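Student: Quick one: sequence plus predicted model below, questions after.
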Amino acid sequence: MKKVIYSVSRYRKGDIEKNSGIGYITDRDLVIACISKNGKPYIRVFADCVKQCFPVMDRTNEFKGSYSEIREIEFEKNGAMETREVELEYNLWFKFAE
């Protein structure tokens, strides 16, 4: 694994959520540490995202790209639980730390 400085952003409900910090790149994945809304720490893995990132022009060791995943969410509707698939899209940027 290689150490990187990263930025992950997502457009959601008219707002842009941005998360940045220090993470790690494997041959295929970006691995970062996050904190949930409840305040609990967890490890977030963006699987197979490295192949979707491309070098930034005129910059060394910097890459950016987009990443999307499909998640199933469960919600209550008219007293019954329903499941729906939702596509989430992220913009990724990372730079190898020296």
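Tutor: Right, received. Where do you want to start? Quick caveat, the model's predicted, so the values are computed rather than measured. Residues are numbered from 1 along each chain as shown.
Student: what about this protein, any weak spots by pLDDT?
Tutor: For the chain, applying pLDDT under 70 flags no range at all.
Student: in it, which spans are strands?
Tutor: 2-12, 15-25, 30-35, 41-46, 53-55, 62-77, 80-96 (DSSP state E).
Student: CA atoms only for the second one - export them in CSV, please.
Tutor: Looking back up the chat, that one is strand 15-25. Extracted in CSV, the C-alpha atoms of strand 15-25 (Å, rounded to 0.1, in the frame of the first residue of the first chain):
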residue,chain,number,x,y,z
ASP,A,15,-24.9,20.4,-1.4
ILE,A,16,-21.3,19.1,-1.9
GLU,A,17,-20.0,16.8,0.7
LYS,A,18,-16.2,16.7,0.8
ASN,A,19,-13.9,14.5,2.7
SER,A,20,-10.1,14.8,2.6
GLY,A,21,-7.1,13.6,4.4
ILE,A,22,-4.5,10.9,4.4
GLY,A,23,-5.3,7.4,3.0
TYR,A,24,-3.8,4.5,1.3
ILE,A,25,-3.8,3.1,-2.3
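Student: Tell me which other helices or strands that strand touches.
Tutor: Applying 3 or more CB pairs under 8 Å, 6 or more residues apart in numbering; DSSP states H and E, one finds that strand 15-25 contacts strand 2-12, strand 30-35, strand 80-96. C-betas here are computed from N, CA, C, even on glycine.
Student: now do 6 Å
Tutor: Taking 3 or more CB pairs under 6 Å, 6 or more residues apart in numbering; DSSP states H and E as contact, the helices and strands that strand 15-25 lies on are strand 2-12, strand 30-35.
Student: Please apply the same query to the fifth one.
Tutor: When contacts are defined as 3+ CB pairs under 6 Å, 6+ apart, strand 53-55 packs onto strand 62-77.
Student: What strands line up against the strand it packs on, and which way round?
Tutor: If you go by DSSP bridges, strand 62-77 pairs up with strand 53-55 (antiparallel), strand 80-96 (antiparallel).
Student: how distant is it from the center of its chain?
Tutor: Per CA atoms, centre = their mean, to the nearest Å, the displacement of strand 62-77 from the mean C-alpha position of its chain is 8 Å.
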